[in-house]
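Engineer: this one's structure only:
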């Protein structure tokens, strides 16, 4: 396996180009060359030559080692079996050369050796041979330690290697289970050989790697435990010791099985509290964070014991509390959040009531600590407008962190009770009022941070407070509406009130002052406060609609006055709010109320449309249309059949305006999408009551789709298909047939578009169409499947599977699965009417006929996608379609799969692998265990993909042919 030194010069040149300041085109060319080189037969000799060459730099040698690893993992079949010992000797020789580093090269070579060991099943004494070859000299011991570390990791990830499950299981036993004691002996011998060895991070990394393979008691009862604990005092070994001890603790999560190990570890863990305090005092933040992580891991692992034995394990809970209290930088506290949640889950069970009572004082202190951490910083510069002094990352981190602490406060509520929890922020607010209240003036609020933090805590606890709480909220709410005017305080107060609207609905006497406070905030000078006011207003209207329905007039005046002054998201929120109130209006007043609220919106919409000049104006029009949609989505009065529907009457009034919008703005995608969405919700909300509008609506949808080619017209079409299908009340066969003809018009338009343009230019349209086609299979199965058009639609489906985008592929696959279900007498209907699950024989035969016509292409496209191009999220449905095909006609589909595999590029798969794959399929068909074929397909395509990682193009005979339709 030697190579002439000059042979790899092109590889070095390409690698140097990648590292240089060369142009993009050159780099792409170099990247392509290196990608091809990595999969070539020549890479075997060239990589070894590069490693041993003096002309290659460290970066090139790392590339060579990484390439060699890939060759061993994926392409070992390219090396004759009798040459494997020579390959092994070459890797060992290079390991000896790189014993002193660079470490990344040494590590990659160890990974090479480990993967060779896994596949070279005739190599029996792996550990012994490596130690003999590399462990005799102190200089090469790092190679042994690296190999020891990576071996378990590589064996555990062995599914990427081309061994059968049985072979991999046998090899795992040989390499790991049978070597566990030998590995432990090696580690102990090395660890106790010298003080320097005991503090070597490599040793600790090895122990961590073998923790799951060596019996836990064997490690804990050996000298290794003391070494791990002692290394927490070593600056060089500290991080590795934290990792190792955390891994040891994590292995004791099954507390009943590992109780003896826990009792050995517990005192060592508790003794770390002194180090935690010391690290906090000395401001050694990384050390503090490491010890905090150990405490958190112990808490999470032993939480069940804490609930069972609260007294015995109290010291651990107090240590975790100390982490929260001492963490000035707020960097380590997040390690503890999961523990508090896990402990709450146990303490709130009746079985652990005693433990809960004993933990109340700890949770009480935790609330105090969390509220303290919620405080905004005080800038040293005194600039209140920039609290984080320009550090935007720190500001974002703090905001996210506050919401996580809010979750901890919710946990505290469940353990302590909401009254006790709310009492704490209430006391802090009262304390602030007594101390600083008289000093507060407009935009001048002393120590506002100490008032804002408890307000945030009240807001965070909102979800936990029941609507019938009568102790704290009657005292808190009047306090909140009296909060002085400061932008951060006003924001938090408004948001807090919005959290308690369900409570307000049951305490109507408190509604007026809260609503006044929130409505006044709409005139605030700060945008954040106005946005908060809009959000809280929405919650008040949603939850207190029954109380507000008698104030429809004043509410409309407020709505009309503020609507156009707000950002669009806030316009949508207050519109959702008033819609909840409109929905409570009596039916005989509904039409008039809709006109009262929406006519001004329509007038503004028409005025803007008449003067629209640019994209910004069109975006504004689209946003205004969306306000109508929100109302139609929420206002759904129950109107008896035969009576005029007030909401549909209003829809008829606004329909011509919306129809003109899509005619006039036929190139504006935002407007087209919003109009179609509005029509869609009209149909979904008012269902068959929309029948008077149906002819005009269908005409506009056909015209709009034909002219614009936008998928939004198919969304609206889908709503009509769903609500006016055969079998729905008040839909006669004649109307259902008209709806089907309407769909077929849309389908033909789509097929013409797909014939004109390649799928990659139409991903969103393809997704929209096949979602509609899946609806047709559900609501109009006989008409759509029996239609001659379905043959062409199936061609369009497999043509669309050349896309690289997940959502459209998923839509196509879901359509195919629904269609194939009818062939297997398993229709996709979700109806409780069982008769819809029996598929007529005529329909089953038609599906089989469709599969015979399109099956070869379908199997090729799906398998090619799974092997080369599909995003990972598509694999489950892809294999599902293939399974459906196998269940329909197993022998035929097996032949199509064999044909596809035969077309794969030469050298990408061995004849033995092909034969094994096809034999597995044949065996499953013969035994009737067809469902197992899905796993076989997934494993084969995943293995192929991993090995070849082929580019998206240049697939030779597996390239898809262009779709054509002349209808």
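Structural biologist: Structure received. Since the model is a prediction, treat every value here as computed from it, not as a measurement. Numbering: from 1, shown residues only.
Engineer: just for this protein, where's the confidence low?
Structural biologist: In the predicted model of the chain, residues 1-6, 158-160, 162, 381-384, 389-390, 829-837, 949-967 satisfy pLDDT under 70.
Engineer: at 80 what do you get?
Structural biologist: Along the chain, segments meeting pLDDT under 80 span 1-7, 157-165, 379-392, 394-395, 442-443, 726-731, 825-838, 907, 946-967.
Engineer: domain boundaries for it, per the record?
Structural biologist: 1-16+36-78, 80-216, 764-955 (the TED database).
Engineer: and the ones you listed as CSV, adding mean neighbour count and distance to residue 638?
Structural biologist: All C-beta spots, glycine's among them, are computed from the backbone N, C-alpha and C. Listed next are these as CSV, based on neighbours: other CB atoms under 10 Å; distance: least, CB to CB, whole Å:
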stretch, mean neighbour count, distance to residue 638
domain 1-16+36-78, 18, 64
domain 80-216, 18, 56
domain 764-955, 18, 22
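Engineer: with distance to residue 277 as added columns, please give these in a markdown table.
Structural biologist: Converted to a markdown table, the domains of the chain look like this (distance: least, CB to CB, whole Å):
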| stretch | distance to residue 277 |
| --- | --- |
| domain 1-16+36-78 | 43 |
| domain 80-216 | 24 |
| domain 764-955 | 47 |
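Engineer: to residue 464, which of those domains lies closest?
Structural biologist: domain 764-955 (35.5 Å; CB to CB).
Engineer: compute the distance from the centre of the closest one to the centre of its chain.
Structural biologist: In terms of CA atoms, centre = their mean, to the nearest Å, the centre of domain 764-955 is set 26 Å apart from its chain centre.
Engineer: quick check: closest non-adjacent residue to residue 548.
Structural biologist: residue 581 (4.9 Å; CB to CB, 6 or more residues apart in numbering).
Engineer: do the same with residue 794
Structural biologist: Using CB to CB, 6+ apart, the closest residue to residue 794 is residue 854 (4.6 Å).
Engineer: the strand or helix carrying the one you found - contacts with which helices or strands?
Structural biologist: Following DSSP states H and E, one finds residue 854 within helix 841-864. If you count contacts as 3 or more CB pairs under 8 Å, 6 or more residues apart in numbering; DSSP states H and E, helix 841-864 packs onto helix 781-786, helix 789-800, helix 806-823, helix 875-888, helix 890-902.
Engineer: tilt between it and helix 875-888?
Structural biologist: Relative orientation of helix 841-864 and helix 875-888, computed by axes from the mean of the first three to the mean of the last three CA atoms, to 10 degrees: 130 degrees.
Engineer: need the residues that contact helix 841-864.
Structural biologist: Residues outside helix 841-864 that contact it (CB atoms under 8 Å, 6 or more residues apart in numbering) are 781-782, 785-786, 790-791, 794-795, 797-799, 801-802, 816, 819-820, 822-825, 878, 881-882, 885, 888-889, 892-893, 896-897, 899-901, 903, 937, 941, 955, 958, 960.
Engineer: try 6 Å
Structural biologist: 785-786, 794, 798, 801, 822-823, 878, 881-882, 888, 896-897, 900, 958 (CB atoms under 6 Å, 6 or more residues apart in numbering).
Engineer: any idea how far residue 756 lies from residue 788?
Structural biologist: 21 Å (CB to CB, to the nearest Å).
Engineer: ok, now how distant is the nearest residue to residue 283 once chain neighbours are set aside from residue 388?
Structural biologist: Using CB to CB, 6+ apart and skipping residues adjacent in sequence, the residue nearest residue 283 is residue 328, 7.8 Å away. Distance of residue 328 to residue 388, given as CB to CB: 16 Å.
Engineer: ok, residue 905 next?
Structural biologist: Distance from residue 905 to residue 388, by CB to CB: 55 Å.
Engineer: going along the chain, name the helices of the stretch 351-500 of the chain.
Structural biologist: Taking DSSP state H, counting those that start in this stretch as the test, the helices found in the stretch 351-500 of the chain are 353-373, 392-416, 418-436, 449-461, 473-480, 487-498.
Engineer: in the first one, what counts as buried?
Structural biologist: To tie it back to what came earlier, the one meant is helix 353-373. 355, 356, 359, 362, 363, 364, 366, 367, 369, 370, 371, 373 (16 or more other CB atoms under 10 Å).
Engineer: same check, this time on the shortest one
Structural biologist: Buried residues in helix 473-480, counting neighbours by 16+ other CB under 10 Å, are found at 473, 476, 477, 479, 480.
Engineer: helix 449-461 and that one, what's the angle between them?
Structural biologist: 140 degrees.
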